[in-house]
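Q: The following block contains a protein sequence and its predicted model.
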Amino acid sequence: MNSGHKLRMVLLGAMFGTAASMSIANAAEPPLKVGLLEDVSGDLAFMGMPKLHGSQLAVEEINKSGGILGRQIELIHLDPQGDNARYQEFGRRLLNRDKVDVLIGGITSASREALRPIVDRTTTPYFYTNQYEGGVCDASMISMGAVPEQQFSTLIPWMVEKFGKKVYVIAADYNFGQISAEWNRKIMKELGGEVVGEEFIPLGVSQFAQTIQNIQKAKPDWLLTINVGAAQDSFFEQAAAANLNLPMGSSIKVMLGFEHKRFKPPALNNMHATANWFEEIDTPEATEFKKRWHAKFPDELYINDMGYNAYNALYMYKALVEKAKSIKLEDMRKVIATGDACIDAPEGKVCIDPKSQHTSHRMRLISVGPKHEVKVEKDYGTIQPYWLGEIGCDLTKKNDKDQYTPSHLPKKS
Amino acid sequence: MSAEVFSLFYQFADVFAFLILSAAGLAIVFGMMGVINMAHGEFIMCGAYVTVGLVNLGVPLAIAQMLAAVTAGLIGVLVEFLVVRRFYKRPLDSLLATWGLSLIVTQSMLLIVGSAVRGIGTPEGSFAIGGYTFSTYRLVLFGCAVAVLAGLYTIFMKTRFGVIARATMQNAAMAKALGARTGRIYAISFGIGTGLAGLCGALYAPTMTLIPTMGATFVVESFVTVVIGGANVLLGTAPAAVFLAMIRMALNASYGQIIGQIGMLVAVILIIRVLPEGLSSVLVRRGR
């Protein structure tokens, strides 16, 4: 054996050695498991698909830039197909069998409420990434989307001032629609307005000739449309065909359901919504974000707000874990309690409110024109999710595990 | 006053058209042939997607709708030949087979076409009576529903094919012995049924959101209409739709959509309890 050969053997051995030690290091640092429950089939698939895409984009970016605390992220996505029983089954599977480090997802408020008791029995953090009817005071849940004090307390006074005091409500008949309608009643009362009609519609109903006539009979100044799902969205087409021609306001249309992209103009003409994100935002940060998204998903019809919030959720998780230097919920909540849980999102800086664990947002009021062009009518700046804190929810002191509404407030202790 | 009367008629016509158009195809496939076609909604979806696809290619709406119905009919003949044919003696298994087909089709559409398709918009046209405005297209739908009923009656009661088809459905072996080509009769009847389902999708395509699971919104109404119509579908389906449309229209108007839907289904339960053979059993007895 000559010396050259020996040297090579040594080098080879050294290489094997480092490879072995590297794999030991990897074994000591397994990837962080992120459980994701989003509908990518069923009636809500068109909204759920961008949520899956947003999560995939964030995971890819975070992994490329070194992961979280040096650990890679592994995304485990299951498709509950819009079925609340399946949300529970898959939630248990992710939490108990796959032992995910964090759970993200849920579209309807019904699915979130189905999931929450299961999450509450574990110590796993849960991110809900939709705008919703607000009020959940639960230490296990971090809400990334906008809530009524950000959406309705801005939109409804504006609509009343601009179009008049009489509103007619069409709402999906489940907790989201019912509680949102309650918010509308409360705010309209404070404004001295009148709710001239309220109609709750079962999910899956697609025919609205009667509703359109009820509206014409009640003669409102504007409509609050909080109907949900592809079937109920047919309302817009049928109302336009019947020449209903009323101004509309909503907390979920345009930026969430991108009806202005799915329907032929002018079906969505004169629709108004308050949003923290819509694809038409053209700040440099937003443009950069949209470019990355469309590069990865060129066929995306629209980057909706829940897809955007789902993307932010992973960065918020990263920020919390890295500030806490721990993946434990209690350590992450210590960071939230300092009020310093913030990320620089494409909409601007957003922070988690310590009392309610909901997110502050920069809110804009947008309107849709006859050619379905989107215009910003008013910029409200950053609005805090203040309502839960005001009524007495303080998660830094007490975990209520409850959902409050204007008619269901915490008991004074 | 006349505005209120017309509005009641318009609402009735609207529900009636929805029930007839969604049930007509199923009346043949399930009511006459006895195939529990769980993929009925998917043939409706097929009609809607073909219509929108053709309109986007520049084909005029009415022609696109006819072509869509024909496409759904041809696919129906193919499905009959490949799948349904094997299940005439096993009706409960036909339920499973067509349900499986429905799952495969919706999921494939989701993967191939995507979760949402841009709509084509309802044809222009609305008119005002009193304080109300109405969409003209909804009356076109009512006209189509009446035409479908008339067409079905003519085909199955007045033509040679209709006589042979009814004979085949009643007693296939005897019809065969008398020289009817029963295999072909079954295939054509199934094709007419799915073609009508396609027509339903084609007619409602401009007024709805197109998603792969859109057929589901039609399926409940179509099955209850056929079931309470009873064994004699040509006599039963129309009165069943009139009856259900009256109930639903009245409840919708006074109590809203939830009560309207609940009320209609309660009425269905009562009818099945009182008249297990459906409405047509009463009519046939009267006729005798």
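A: In hand now; what should we look at?
Q: Where does the prediction get shaky in chain A?
A: Within chain A, the ranges that satisfy pLDDT under 70 run A:1-28, A:413.
Q: By proximity to chain B, which residue of it wins?
A: A:Lys264 (3.3 Å; Cβ to the nearest Cβ). All C-beta spots, glycine's among them, are computed from the backbone N, C-alpha and C.
Q: List the contacts of the nearest residue to that residue once chain neighbours are set aside.
A: Counting by Cβ to Cβ, 6 or more residues apart in numbering or on different chains, B:Gly121 is the residue found nearest to A:Lys264 once chain neighbours are left out, at 3.3 Å. Counting by Cβ atoms under 8 Å, 6 or more residues apart in numbering or on different chains, B:Gly121 makes contact with A:237, A:240, A:263-265, A:267, B:206.
Q: Quick check: residues of the stretch 101-250 of chain A near chain B?
A: Taking Cβ under 8 Å from any Cβ of the partner chain as the criterion, the neighbours of chain B within the stretch 101-250 of chain A are A:173, A:199-202, A:204-207, A:209-211, A:213-214, A:216-217, A:219, A:230-231, A:233-234, A:237-238, A:240-245.
Q: how does it look with 10 Å?
A: Selection of the stretch 101-250 of chain A residues close to chain B by Cβ under 10 Å from any Cβ of the partner chain yields A:170, A:173, A:197-202, A:204-217, A:219, A:229-245.
Q: filter those residues to the buried ones?
A: Neighbour counting by 16 or more other Cβ atoms under 10 Å in any protein chain shown classes A:170, A:173, A:197-202, A:204-216, A:229-244 among these as buried.
Q: Of the contacts of B:Gly121, just say which sits nearest to B:Ile188.
A: In terms of Cβ to Cβ, no member of those lies closer to B:Ile188 than B:Pro206, at 29.0 Å.
Q: Tell me how many other residues crowd that closest one.
A: Other residues within reach of B:Pro206, judged by other Cβ atoms under 10 Å in any protein chain shown, total 24.
Q: mind checking the SS state of the residue of the stretch 1-150 of chain B found nearest chain A?
A: The stretch 1-150 of chain B approaches chain A most closely through B:Gly121 (3.3 Å), counting by Cβ to the nearest Cβ. State at B:Gly121, reduced to three classes by DSSP: H, G, I helix; E, B strand; the rest coil: coil.
Q: And for A:Gly82?
A: Following three-state DSSP, A:Gly82 is assigned to coil.
Q: Could you do A:Gly35 as well?
A: When the rule is three-state DSSP, A:Gly35 gets the label strand.
Q: so it bridges to which residues?
A: Judged by DSSP bridges, the bridge partners of A:Gly35 are A:Ile76, A:Leu103.
Q: Verify the stated contact: it with A:Leu103.
A: Yes - A:Gly35 is within contact range of A:Leu103, at 4.6 Å (criterion: Cβ atoms under 10 Å).
Q: before we move on, back to that, strands - which of the buried ones among the residues of the stretch 101-250 of chain A next to chain B land there?
A: Judged by DSSP state E, the subset of those located in strands is A:170, A:197-201.
Q: could these go into JSON lines alongside distance to B:Gly183?
A: As requested, those are arranged in JSON lines below (distance: Cβ to Cβ, whole Å):
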{"residue": "A:Ile170", "distance to B:Gly183": "50"}
{"residue": "A:Gly197", "distance to B:Gly183": "56"}
{"residue": "A:Glu198", "distance to B:Gly183": "56"}
{"residue": "A:Glu199", "distance to B:Gly183": "51"}
{"residue": "A:Phe200", "distance to B:Gly183": "50"}
{"residue": "A:Ile201", "distance to B:Gly183": "46"}
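Q: Where do the helices of chain A begin and end?
A: Using DSSP state H, the helices of chain A run over A:3-28, A:45-64, A:84-92, A:109-120, A:148-163, A:175-190, A:209-218, A:229-241, A:259-262, A:284-296, A:305-324, A:329-337, A:387-391.
Q: now the stretch 1-150 of chain B
A: Across the stretch 1-150 of chain B, reading from the start of the chain, the helices by DSSP state H, counting those that start in this stretch fall at B:2-26, B:40-56, B:61-82, B:91-113, B:136-153.
Q: Need the winner for burial among those.
A: Neighbour counts (mean count of other Cβ atoms under 10 Å in any protein chain shown) averaged over each of these peak at helix B:40-56, with a mean of 26.
Q: for that helix, the distance to its chain's centre please.
A: Distance, stretch centre to chain centre, for helix B:40-56: 14 Å (Cα atoms, centre = their mean, to the nearest Å).
Q: same deal with stretch B:224-232?
A: Its chain's C-alpha centre and that of stretch B:224-232 lie 12 Å apart, by Cα atoms, centre = their mean.
Q: Stretch A:85-104 now?
A: Using Cα atoms, centre = their mean, the distance from the centre of stretch A:85-104 to the centre of the chain it belongs to is 19 Å.
Q: how far does it stretch from start to finish?
A: Counting by Cα to Cα, to the nearest Å, you get 17 Å between the two ends of stretch A:85-104.
Q: same check, this time on stretch A:259-267
A: The first and final residues of stretch A:259-267 sit 9 Å from each other (Cα to Cα).
Q: dump the residue contacts of the residue nearest the centre of chain A.
A: Geometric centre of chain A, nearest residue: A:Asn130, 2.0 Å, by Cα atoms, centre = their mean. The contact partners of A:Asn130, taken as Cβ atoms under 10 Å, 6 or more residues apart in numbering or on different chains, are A:47, A:51, A:105-109, A:111-112, A:143-146, A:176, A:252, A:256, A:305-306, A:309-310.
Q: where does the stretch 1-150 of chain B come near chain A, residue by residue?
A: Applying the criterion Cβ under 10 Å from any Cβ, the portion of the stretch 1-150 of chain B that neighbours chain A consists of B:4, B:7-8, B:10-15, B:17-18, B:103, B:106-107, B:110-111, B:114-128, B:130-138.
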